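Engineer: below are the sequence and a predicted model; questions follow.
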Amino acid sequence: MGKQIPWTQRTFNFDFPAGLYPELTERIRSAPVRAEAICAGLPPEVLTQRDGDRWSIQENVGHLAGADSRLFMGRLDDYEAGAEVLRPADMTNKATHAANHNDRPFAEVMASFHDSRAAIIARLEPLDEEAFARSAHHPRLDVPMRLVDMIAFMAEHDDYHLARMRELARMFA
């Protein structure tokens, strides 16, 4: 696999209809299961091995769980409240670094990802297309972002980290 484009250098086109929310919601719903498939059978020393100063597989899983609970749940609140601007992400990832995911059992880290994602899905499932068309300004990308766009953004964020996890599994397994 080739080198990934760094997350902060990516651009996004949110030019699809809000009616794609069922498929996009399905993508984010499946992320914990896809993470488990990548990690299946890997020993703890592979799950926690870092590539230099870059996160381990386990830290990537923990980051996704933390982003769910710290950022994306808050952004759901922003849409619900009719906020004009979405809350910003901590681009230093201070919370991920401080969480010491490699010091926890993998099953616990994975369970937190399942739980955080289930909580997001539970909030999205009762919404209709009109709710997914609500828009607020994304501070880092400096673009309007509908709720459906945020779900697509989450799915891309998931896939970015899942691809990295698969790369680490190939490197260390």
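Structural biologist: Ah, there it is.

Engineer: other SSEs contacting the worst-scoring helix or strand of the chain on mean pLDDT?
Structural biologist: Lowest by mean pLDDT, DSSP states H and E among the helices and strands of the chain is helix 94-98, with a mean of 94. Judged by 3 or more C-beta pairs under 8 Å, 6 or more residues apart in numbering; DSSP states H and E, helix 94-98 is in contact with helix 57-67. Every C-beta, even on glycine, is put in place using the N, C-alpha and C of the backbone.

Engineer: so what touches the very next helix or strand once past the helix it packs on?
Structural biologist: Moving toward the C-terminus from helix 57-67, the next helix or strand (DSSP states H and E) is helix 73-81. Helix 73-81 has contacts (C-beta atoms under 8 Å, 6 or more residues apart in numbering) with 85-87, 116, 119-120, 123-124, 131, 134, 136, 147, 150.

Engineer: give me the angle between whichever strand or helix holds residue 154 and helix 57-67.
Structural biologist: Using DSSP H and E, residue 154 falls within helix 147-172. Calculated by axes from the mean of the first three to the mean of the last three C-alpha atoms, to 10 degrees, helix 147-172 forms an angle of 170 degrees with helix 57-67.

Engineer: related to what we said a few turns ago, what residues sit buried inside the least confident helix or strand of the chain?
Structural biologist: residue 96 (16 or more other C-beta atoms under 10 Å).

Engineer: return the distance of residue 128 relative to residue 134.
Structural biologist: 11 Å (C-beta to C-beta, to the nearest Å).

Engineer: looking at the two, which is more packed in?
Structural biologist: Neighbours per residue (other C-beta atoms under 10 Å) separate residue 128 from residue 134, with residue 134 holding more: 18 against 9.

Engineer: enumerate every residue touching that one.
Structural biologist: Each residue near residue 134 by C-beta under 8 Å, 6+ apart is listed here: 79, 82, 146, 147.

Engineer: out of these, which two sit at the greatest distance?
Structural biologist: 82 and 146 (13.1 Å; C-beta to C-beta).

Engineer: which one's more surrounded, those two?
Structural biologist: Neighbours of residue 82 and residue 146, each counted by other C-beta under 10 Å, are more numerous for residue 146; the result is 20 against 8.
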